[in-house]
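Chemist: task: produce atomic coordinates for the following.
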Amino acid sequence: MSFNPIGTVLNHADEESLQILTLWKDSISEIKFYNNILDSKLDNRYTHYIVVHDSFNFQFSEKQEEWNLRFTGNIGVSVVEFLKSEDNSLYVKGMFAENGSNVYEILPYTSFDSLKATYPHPEMKELRMNVLGKILPGIDGKSILDIGCGVGSITLDIAQRNPESRVYGIEILDSLINQCKMNAQVQDVPNADFKTGDIYELPFDNESMDTVTCFFMLHHIDDIPSGLQEIKRVLNKGGNLIAVDPLGHHHGPKITETDWKNYFEQAGFSVDTKKIDNALVSYATLT
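Modeler: Numbers count the residues shown, from 1 in each chain. Model prediction:
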């Protein structure tokens, strides 16, 4: 295998946004190849490839030592899903590489990691997949806002399910929003818009949204009541907030199902809750 670069990675991943490393499993990157070698690297029998690329030039915290072992050594390796190719570019999902990283090789991949692997937090990923698979089909509205959209994978799913709606996603980091826009463009989802912003100061007019979603993010914020008041401001009368948060998993005091109900009711919502596995789904309506 040659260790001379054969291409470069184009995405919006940088050191700050890569601290939320699990997001990049669902994000899209372009590999721009030098010369005209792409056709020689692709084989239509395969849906996934191994890409050898530069490793990260920074270290994660000691709590994430497994990430350091896997991604900050002498070389980086990603198992990616093939999306499409055009000209001399390859578009893939699941690249763990910074924007501008060198690519050294690409090879077909025929097997996947053991289900017992400890990265990236499989119990939380499995919970998210199970819960979202059950509630995403019921989300609708002419205007839908997804708060804390990450790299936009769920937002784009909602937009594809609601092609006549306008679906918005917000995140606090410009790099993540730029990545969301790239993902939407590559996947050709024209009814999705992304903006930089945070839950305490949403960049939308009063009563401009029919539906707001918060997936596994409210338990991260420091001031839940203030966040809910800002959501209330942008919701139409009778609008719906759909929030999902894990039970027994909070970055601070433990929040119970009763606590969540109190938060929503004190903010002026009527709320019904439903437990799915170890997550609480809150259906809150602005009264």
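Chemist: now the strands for the stretch 51-200 of the chain?
Modeler: For the stretch 51-200 of the chain, the strands defined by DSSP state E, counting those that start in this stretch occupy 76-86, 89-93, 102-109, 143-147, 166-171, 192-196.
Chemist: quick one, which of those is nearest to residue 255?
Modeler: Of all those, strand 143-147 sits nearest to residue 255, with 17.5 Å by Cβ to Cβ. In this view, the C-beta of every residue, glycine as well, is placed from N, C-alpha and C.
Chemist: what about that closest one, average pLDDT?
Modeler: Across strand 143-147, pLDDT averages out at 98.
Chemist: only alpha carbons, please: show the helix or strand of the chain with the lowest mean pLDDT as CSV.
Modeler: Sorting the helices and strands of the chain by mean pLDDT, DSSP states H and E puts helix 122-135 at the bottom, at a mean of 77. Taking Å, rounded to 0.1, in the frame of the first residue of the first chain, the C-alpha atoms of helix 122-135 are listed here in CSV:
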residue,chain,number,x,y,z
PRO,A,122,-23.6,1.2,21.7
GLU,A,123,-26.2,1.2,24.5
MET,A,124,-27.1,4.8,23.9
LYS,A,125,-27.0,4.4,20.1
GLU,A,126,-29.3,1.4,20.3
LEU,A,127,-31.7,3.3,22.6
ARG,A,128,-31.8,6.3,20.1
MET,A,129,-32.5,4.0,17.1
ASN,A,130,-35.3,2.2,18.9
VAL,A,131,-37.0,5.3,20.2
LEU,A,132,-36.6,7.4,17.1
GLY,A,133,-37.8,4.6,14.8
LYS,A,134,-41.1,4.6,16.7
ILE,A,135,-41.8,8.4,16.9
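Chemist: how does the chain divide into domains?
Modeler: Structural domains annotated on the chain: 7-109, 122-286, as defined by automatic domain parsing.
Chemist: and the ones you listed as CSV, adding mean neighbour count?
Modeler: Converted to CSV, these look like this (neighbours: other Cβ atoms under 10 Å):
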stretch, mean neighbour count
domain 7-109, 17
domain 122-286, 18
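Chemist: residue 98: what's it in contact with?
Modeler: For residue 98, the contacting residues are 9, 13-15, 18, 54, 56-57, by Cβ atoms under 8 Å, 6 or more residues apart in numbering.
Chemist: and the residues you listed, which is closest to residue 220?
Modeler: Among the contacts of residue 98, residue 18 lies closest to residue 220 (Cβ to Cβ), at 17.6 Å.
Chemist: picking that back up, and which of the contacts of residue 98 is nearest residue 201?
Modeler: Nearest to residue 201 out of those is residue 14 (Cβ to Cβ; 23.4 Å).
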